[in-house]
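Q: model this:
(chains A, B, C and D)
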There are 2 protein chains.
Amino acid sequence: MSDAADVLIEHCREAGQRITGPRRIIADVVAKADDHPDVTEIYRRVAAIDPGISLSTVYRTLKVFAATGLVERHSFAGGRVRIEPASDVHHDHLIDTESGAVIEFRSEEIERLQALVARELGFELTGHRLVLYGRPLAKVERRDLKR
Amino acid sequence: MSDAADVLIEHCREAGQRITGPRRIIADVVAKADDHPDVTEIYRRVAAIDPGISLSTVYRTLKVFAATGLVERHSFAGGRVRIEPASDVHHDHLIDTESGAVIEFRSEEIERLQALVARELGFELTGHRLVLYGRPLAKVERRDLKR
DNA sequence: ATGCATTTGCGAATGATTCCCATTAAAGGA
DNA sequence: TCCTTTAATGGGAATCATTCGCAAATGCAT
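A: Predicted coordinates:
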């Protein structure tokens, strides 16, 4: 049981949620995940620890965790939702279109511009979702990397 | 049958696709849509013109149009795909979290920064998806709208 | 007009996610 | 520690969007 999982559990308790066996295990799996797994994959990992835990419970628990802000639910490419433990520092994602790998990044400038754009349109920015899709540059192409 | 629909049809023909009755109607409906309807909504509008057209055909045709670059398929909030006729000028979307309305916008600066960020990470930006979520500012709140 | 490959319609199939509900198990107090 | 209350669980059915399979219909080049 990792420290990060303990943090999840603790927040969960503070949110008035019961701390159950399944939730401990799901928290543990999610806390350890650094690869944005989908729900089915989380279910697999959970089932590897306790095969008795149902898919329904995984879905429900993830929803609870998400509502409490403990995990984020992304829907990158069409279809299934992918999960990542919430981190205090917000970040966006870049998807390697060749390997499917998910790279995290953060750009203060983009963040700032988004809020600005929203305000110009008459809105208070309450959230956003930015996903970049890119093809890895060959080494030779990187030579003229500016800035 | 609008001009825009004719353009769709023409491109479709150039792409080696057969121009059928259903496709004409779907092209017409899509070309007229300025509200990012989902597939079911398009089906409703199509069926209002020719009730014989099946939902499958709508799905298939939209996929063909999308593959040919004639329409874009977004998946904003969880679940269903939403359609919009492709325009030559790229834009992103802001969702009014209170009404669900979709507002289009374009920010050259954000576009530029995205490409820059991607390059810094070692990628050539091939696409992106940016959705802002915002709450409409009350009139009184807008008074100090900067810039 | 004719032949043939594409499309279509319709219903069944899929896949992800949610719902229902009887059973089980936390949490808090006696 | 032992109840009581109430939320959580398991598992299967239900839902929703989307895709498939295939026989019948229809564009389009000849």
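
Q: which ones are touching the nearest residue to A:H90 once chain neighbours are set aside?
A: Closest residue to A:H90 apart from its sequence neighbours, by C-beta to C-beta, 6 or more residues apart in numbering or on different chains: A:R106 at 6.9 Å. In this view, the C-beta of every residue, glycine as well, is placed from N, C-alpha and C. Applying C-beta atoms under 8 Å, 6 or more residues apart in numbering or on different chains to A:R106 gives the contacts A:V89, A:H90, A:H91, A:D92.

Q: just the buried residues out of those residues, in ChimeraX syntax.
A: For anyone working in ChimeraX, the buried entries among the contacts of A:R106, judged by 16 or more other C-beta atoms under 10 Å in any protein chain shown, can be selected with:
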select /A:92
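
Q: out of the contacts of A:R106, the closest to A:G52 would be?
A: A:H91 (35.0 Å; C-beta to C-beta).

Q: wait, doesn't A:Y133 sit right on B:L121?
A: No - in this structure, A:Y133 is not within contact of B:L121 by C-beta atoms under 8 Å, at 12.0 Å.

Q: returning to that earlier point: tell me the pLDDT at the residue nearest to A:H90?
A: Note for A:R106: predicted pLDDT of 95.

Q: got it, and A:L94?
A: You'll see A:L94 listed with a pLDDT of 94.

Q: returning to that earlier point: which neighbours do A:Y133 and B:L121 share?
A: The contact sets of A:Y133 and B:L121 overlap at A:L94 (C-beta under 8 Å, 6+ apart).

Q: can you give me the distance of the residue nearest to A:H90 to DNA strand D?
A: Using C-beta to the nearest atom of the strand, to the nearest Å, A:R106 is found at 30 Å from DNA strand D.

Q: quick check: longest strand of chain A.
A: Using DSSP state E to define each element, chain A has its longest strand at strand A:123-136.

Q: just give me how far that one sits from the chain centre.
A: Chain-centre distance of strand A:123-136: 14 Å, with C-alpha atoms, centre = their mean, to the nearest Å.

Q: same question for stretch A:49-68.
A: 15 Å.

Q: wait, does it contact chain B?
A: No - for a cut-off given as C-beta under 8 Å from any C-beta of the partner chain, stretch A:49-68 has no contacts with chain B; the smallest distance is 11.3 Å.

Q: what's in contact with that stretch?
A: A:8, A:11-12, A:15, A:17, A:21-23, A:25-30, A:39-40, A:42-43, A:46-47, A:71-73, A:83.

Q: ok, of those, which come out buried?
A: Using 16+ other C-beta under 10 Å as the burial test, the contacts of stretch A:49-68 include A:8, A:11-12, A:17, A:22-23, A:25-30, A:39, A:42-43, A:46-47, A:71-72, A:83 as buried.

Q: just checking, A:V71 touches A:E84?
A: Yes - if you go by C-beta under 8 Å, A:V71 and A:E84 touch, sitting 6.6 Å apart.

Q: where does chain A have low pLDDT?
A: In the predicted model, chain A carries pLDDT under 70 at residues A:1-2, A:77-78, A:139-147.

Q: for DNA strand C, what are the nearby residues on chain A?
A: Residues of chain A found near DNA strand C, taking C-beta under 7 Å from any atom of the strand as the criterion, are A:13, A:18-21, A:38-40, A:55-56, A:59, A:63, A:79-81.

Q: before I go, just wanted to say thanks for your time.
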